[in-house]
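In: Give me a model of this one.
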Amino acid sequence: MTRNPDNDAQVEQLVSEHLYLVQHIVHELAVRYPRHVDRQELWSAGATGLVEAARRFDVGSEVPFAHYARRRIRGAILDSTRQRDWATRGVRRDQRTLTNAASSFEQRHQRVATDEELAHQLGVDHEEIARRRAAAHRGTVLHLDQPLTTGADAGTASLADTIATEDVDVSPEASLEQRELLGALRTAVRHLTDVQRDVIERYYLKGERLRDVAEEMGVTEARVSQLRAEAVRALQTYLQTAEYGTVDVDDDAPGKRQRAAFVARVTENSTWRQRLDAADQPIWQDARAVTA
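Out: Residues are numbered from 1 along each chain as shown. This next block holds a predicted model:
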């Protein structure tokens, strides 16, 4: 059987000629998801699927590449949305219990319960309610662009913003937790590959378009999108490990081995104290020395 050799030029050509498929499939699938789901994230996942399809395509097959790629693109988008729930089973169970208790209270009393009332109903203290809410919130962070808060009073701050900024108007406990998250994120970013870190910096911090980044790097926009997605997945997996101590990733999830290696590399090369101190350090300073 004739296989497509590892030919970058051939892969680039297939991707360039069929990039329109990604946008078409995103439009098809977008109606399934709530409005807050970032269409750019769906496109990024689809573009990654297209690149993988181009690499794996059997040029001797009678199946047209467009038909073969559609399945890969669609599957990559669906897989990416399933993998966005960071929460462990315990966190999801606690959240369901909290939600059910709140609904039950509201039905009985025709008003929203306070945290103290929920704590009394569940037989736990107020701090436990706060802990469950915080864990549930952290478990639903989808990507670096997603706002950290929601609702009528929500601001525009995102996880990407916490790379460079820190809110000082918080309690000592919350401040320490925020510093730990910030330090862990900054440490993890420094351990990305040079090209991944460059894409993350230019897209999230400098606000450059993927198309412009791709043009300067001399690759397709789909390739840059794939690099961004790989970097974000690696960061998400590390933060999940730092928070819960485990990585709940499906065996067939894309890049599982690479993500596990990334987590191990960051963990082995940084202590808790160093990660905490990293909250006060510029994220990009001497970053290349870390991964050298």
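In: after the one helix or strand Leu181 maps to comes which helix or strand?
Out: Assigned by DSSP states H and E, Leu181 falls within helix 172-190. Moving toward the C-terminus from helix 172-190, the next helix or strand (DSSP H and E) is helix 194-200.
In: In stretch 203-217, which residues are buried?
Out: Tyr203, Tyr204, Leu210, Val213, Ala214 (16 or more other C-beta atoms under 10 Å). The C-beta positions use only the backbone N, C-alpha and C, and glycine is treated the same way.
In: Stretch 99-109 now?
Out: Within stretch 99-109, the residues scored as buried using 16+ other C-beta under 10 Å are Ala101, Ala102, Phe105.
In: With respect to Leu122, which of these is nearest?
Out: Nearest to Leu122 among these: Ala101, at 5.5 Å, using C-beta to C-beta.
In: Surely the closest one is in contact with Gly123?
Out: No: counting by C-beta atoms under 8 Å, Ala101 does not reach Gly123; the two are 10.2 Å apart.
In: quick one: the strands in the stretch 101-250 of the chain?
Out: When assigned using DSSP state E, counting those that start in this stretch, the stretch 101-250 of the chain turns out to have no strands.
In: okay if I get the buried residues of stretch 99-109 as a markdown table plus distance to Ala47?
Out: Supplementary listing: the buried residues of stretch 99-109 in a markdown table, determined by distance: C-beta to C-beta, whole Å:
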| residue | distance to Ala47 |
| --- | --- |
| Ala101 | 42 |
| Ala102 | 40 |
| Phe105 | 45 |
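In: List just the nearest of those residues to Leu235.
Out: Checking those one by one against Leu235 (C-beta to C-beta), the nearest turns out to be Ala102, at 31.7 Å.
In: wait, what's in contact with that closest one?
Out: Applying C-beta atoms under 8 Å, 6 or more residues apart in numbering, we find Ala102 in contact with Val112, Ala113, Leu118.
In: Check pLDDT for those residues and point me to the minimum.
Out: Within the set of these, pLDDT is lowest for Val112 (78).
In: can I assume that residue is in contact with Ala101?
Out: No: using C-beta under 8 Å, Val112 is not in contact with Ala101; the gap is 11.8 Å.
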